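# test case, fold it:
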Amino acid sequence: MVENTKSIQKSAVQYSVFDDFKQLTKVGLSLSVVFSSVAGYLLAAQTIDWKIVFLLAVGGYFMVGASNAYNQIIEKDTDALMSRTKIRPLPTGRMSVNTAFIIAVIMTVLGIGILYTINQKVAFFGAISIFLYTSAYTPLKSVTPFSVFVGAIPGAIPFMLGWVAATNDFSIEPGILFLIQFFWQFPHFWAIGWFNYDEYHKAGFNMLPTRRKDTNTVRQIILYIVSMMLVSIIPVFHKTGTFYIYTVTAVIVLLLGAIMLYYAIKLYKDRTDKTARHLMLSSVLYITLLQIIYVVDKFLH
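The predicted model follows:
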């Protein structure tokens with residue numbers, strides 16, 4: 001125990017204040033959210049206003065960064081139990097809870113304030129995202145697998161947020177963007193929950209729908225992947241307002257989803273952590289390329 005403590009303290013010296021800030025706000029996740037929001041904006045905007053793009057990016061980063069900071073404050077003790085999280089600034093003591101809370105509050109105020117300068121609806125959805133992630137998803141993780149459903153709501157907001165930023169309107173178009181990212185959340189996070197099962201179990205988190213790495217869990221993963229793929233091609237039927245895609249785009253999107261489906265079916269057969277990790281990586285590829293493809297399709301109209 002003493003050697004373990006010394007090891008953690010030794011590794012802590014290697015982190016700068018900036019490194020701790022990046023870990024507290026989960027810079028990679030936050031930047032992916034910014035990417036989604038900007039993609040949603042480009043998809044909707046008739047004329048690109050780079051000032052709004054900048055405000056959306058900064059406000060979006062603050063919004064997600066605040067959510068992640070609150071999350072780490074609440075989960076400080078459980079983070080200390082897991083290998084992948086025990087080196088975060090709060091479990092190691094490199095940052096105090098008070099400091100993290102101050103950072104989270106400042107980012108909340110700045111994030112919502114910046115989004116408000118775009119329009120009120122964007123600020124409202126940003127506030128809803130922070131509230132659900134912090135006050136519902138985070139505490140539910142140790143209680144019920146239903147937490148993934150709750151967490152999928154704030155997780156699905158960024159893509160549609162960009163559309164709302166461009167149009168100041170929430171209708172069928174951003175609704176479809178929301179549904180795509182909502183269905184995507186389940187296979188993505190259940191794949192993570194699968195290969196991190198032992199770590200999550202050690203911390204008391206219930207991430208898989210059946211609480212076990214079994215075929216019933218994979219059946220649900222497959223169901224949500226198919227639902228995601230179908231929703232993703234709805235715009236090809238020209239029933240989603242001003243948001244529509246070409247037939248060739250729909251085919252590309254289906255082929256992209258087929259990669260995820262392949263790994264899900266493979267997981268059903270072998271139930272290995274390696275396949276679950278491949279499924280997770282394919283899900284990141286899907287949502288990233290999907291957003292790029294949608295934007296490219298829009299500019300080809």
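
# I'd say I293 and V251 touch.
No: with contacts counted by C-beta atoms under 8 Å, I293 stays clear of V251, the gap being 10.9 Å. To be clear about C-beta, it is placed using only N, CA and C from the backbone, and glycine gets the same treatment.

# more neighbours, these two?
I293 (18 against 12; other C-beta atoms under 10 Å).

# for the more buried one, which three-state class applies?
Classification of I293 using DSSP: H, G, I helix; E, B strand; the rest coil returns helix.

# report the contact partners of it.
If a contact means C-beta atoms under 8 Å, 6 or more residues apart in numbering, then I293 has T249, I252, V253, L256 as its contacts.

# for A66, which non-adjacent residue is spatially closest?
In space, A66 comes closest to M107 once its chain neighbours are excluded; the distance is 3.9 Å by C-beta to C-beta, 6 or more residues apart in numbering.

# likewise for T134?
Using C-beta to C-beta, 6+ apart, the nearest residue to T134 is Y70, at 4.2 Å.

# so how far is W190 from that neighbour?
Counting by C-beta to C-beta, to the nearest Å, the gap from Y70 to W190 is 23 Å.

# could you do Y61 as well?
Counting by C-beta to C-beta, the separation of Y61 from W190 is 27 Å.

# mind listing what's buried in stretch 190-203?
Neighbour-count burial for stretch 190-203, counted by 16 or more other C-beta atoms under 10 Å, picks out W190, A191, I192, G193, W194, F195, N196, Y197, E199, Y200, A203.

# and the first one, what pLDDT?
Meaning W190. pLDDT recorded at W190 is 97.

# now do it against E75, distance only.
Here the criterion is C-beta to C-beta. By it, W190 lies 19 Å from E75.

# cool, the second one as well?
As for A191, its distance to E75 is 21 Å (criterion: C-beta to C-beta).

# next one: the third one
Here the distance between I192 and E75 works out to 15 Å (C-beta to C-beta).

# list the contacts for S283?
By C-beta under 8 Å, 6+ apart, the residues touching S283 are W184, P187, H188, A191, M260.

# just the buried residues out of those, in PyMOL syntax.
Only the buried members of these enter the following PyMOL selection, criterion being 16+ other C-beta under 10 Å:
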select buried, resi 184+187+188+191+260
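
# out of the contacts of S283, who's nearest T117?
Distance to T117, by C-beta to C-beta, is smallest for W184 among these, at 29.4 Å.

# model confidence for that closest one, exactly?
pLDDT for W184: 98.

# surely it meets T288?
No: checked against C-beta under 8 Å, the pair W184 and T288 is beyond contact range at 10.9 Å.

# just give the nearest non-adjacent residue to L161, would you?
Computed as C-beta to C-beta, 6+ apart, the closest residue to L161 that is not its neighbour in sequence is S37, at 5.0 Å.

# oops, could you answer that again for L31 instead?
Excluding the flanking residues, the one nearest L31 by C-beta to C-beta, 6+ apart is Y61, at 7.3 Å.

# ok, I292 next?
Spatially, and ignoring its direct neighbours in sequence, I292 is nearest to A39 (7.1 Å; C-beta to C-beta, 6+ apart).

# ok, now K274?
In space, K274 is closest to F195, 7.9 Å off (C-beta to C-beta, 6+ apart).

# verify the contact between the one you found and D273 for me.
Yes: counting by C-beta under 8 Å, D273 is a contact partner of F195 at 4.0 Å.

# ok so, going back, I'd guessed the residue nearest to L31 sits against V34; true?
Yes: using C-beta under 8 Å, Y61 is in contact with V34, at 5.4 Å.

# which residues in the stretch 201-301 of the chain form strands?
Under the criterion DSSP state E, counting those that start in this stretch, the stretch 201-301 of the chain carries no strands.

# low-confidence ranges, the protein, go.
The model of the chain has pLDDT under 70 over residues 1-14.

# do that again at 90, thanks
Residues of the chain that meet the criterion pLDDT under 90 lie in 1-18, 84, 142, 202-203, 206, 301.

# so for it, the centremost residue is which one?
G155 (4.6 Å; C-alpha atoms, centre = their mean).

# stretch 289-301: how far from the chain's middle?
21 Å (C-alpha atoms, centre = their mean, to the nearest Å).

# ugh, wrong one, stretch 217-228
Taking the mean of its C-alpha atoms, stretch 217-228 sits 18 Å from the chain's own mean (C-alpha atoms, centre = their mean).

# check stretch 111-119 too.
The answer for stretch 111-119 is 20 Å, by C-alpha atoms, centre = their mean.

# can you list contacts of that stretch?
Stretch 111-119 is contacted from outside by 52, 55-56, 58-63, 65-66, 122-123, 126-127, 130, 164-165, 168, using C-beta under 8 Å, 6+ apart.
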